[in-house]
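J.: sequence first, then the predicted structure:
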Amino acid sequence: QARLVESGGDLVQPGGSLRLSCVASGVHMDYRAMAWFRQAPGKQPEEVACISPIDGRTDYPDSVKGRFTISRDRIKNTVFLQLYSLKPDDTAVYYCASKEGYGCYQPVHSWGQGTQVTVSS
C-alpha cells in the first residue's frame, strides 16, 4: 500500500525559501511520475510541479516556474520541492502525490497528508 509522508512546511517571510520533502513507501518511483500540489483556503487544488521517471523531465505551471524546483532521490525514494522567492500567494497546504504511471499527464494514484506553508511578514 502506497504511503507518502511530507515534511518541511513552515512559516516564512516573503522572499524566503523552503524545501519540502516527501518520503514514499509502497511506491516505486522508477515507474510513477511524482508531483506536488497545493491547495489554498477556498481554492481548487493546483499542481505546482511534476517529475517523470523516464528522463527526469519536469513540468511547472507559469505561476511557479523559475521559483520552484522538483527533484528526487531514487535511493531514498524521496521527492523534494525547493521553493524560492516565496510570495504570500504561495500560502497553502502542499501535498505530495504519485501518478498512475510514467506520465505527468496521468491522474493521481496516491496522496500524502499535506504540509502547511505560510508566507507572511
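T.: Alright, I've got the coordinates.

J.: residue boundaries of the strands in this protein?
T.: 3-7, 11-12, 18-25, 34-39, 46-51, 58-59, 68-73, 78-83, 92-99, 108-111, 115-119 (DSSP state E).

J.: now those in TSV, with mean pLDDT and mean neighbour count?
T.: Any C-beta I mention is one placed from the backbone N, CA and C, and that applies to glycine too. Output for the strands of the chain, formatted as TSV (pLDDT from 0 to 100; neighbours: other C-beta atoms under 10 Å):
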stretch	mean pLDDT	mean neighbour count
strand 3-7	97	17
strand 11-12	98	15
strand 18-25	97	19
strand 34-39	98	23
strand 46-51	98	22
strand 58-59	96	17
strand 68-73	96	18
strand 78-83	98	22
strand 92-99	97	23
strand 108-111	96	16
strand 115-119	98	18
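
J.: ok, the residue most central in space within the chain to Asp62 distance?
T.: Closest to where the C-alpha atoms of the chain average out (C-alpha atoms, centre = their mean) is Trp36, at 2.3 Å. The spacing between Trp36 and Asp62, counted by C-beta to C-beta, to the nearest Å, is 16 Å.

J.: next: Val117.
T.: For Val117, the distance to Asp62 - C-beta to C-beta - is 19 Å.

J.: in contact with Gln113, which residues?
T.: Leu4, Val5, Glu6, Tyr95 (C-beta atoms under 8 Å, 6 or more residues apart in numbering).

J.: now for those residues: which two are most distant?
T.: Greatest spacing in the contacts of Gln113, by C-beta to C-beta: Val5 and Tyr95 (11.2 Å).

J.: what number of residues lie near Ser17?
T.: 11 (other C-beta atoms under 10 Å).

J.: any idea of the pLDDT on the nearest residue to it once chain neighbours are set aside?
T.: Of all residues not flanking Ser17 in the chain, Tyr84 sits nearest, at 5.0 Å (C-beta to C-beta, 6 or more residues apart in numbering). The score at Tyr84 is 98. That number is its pLDDT.
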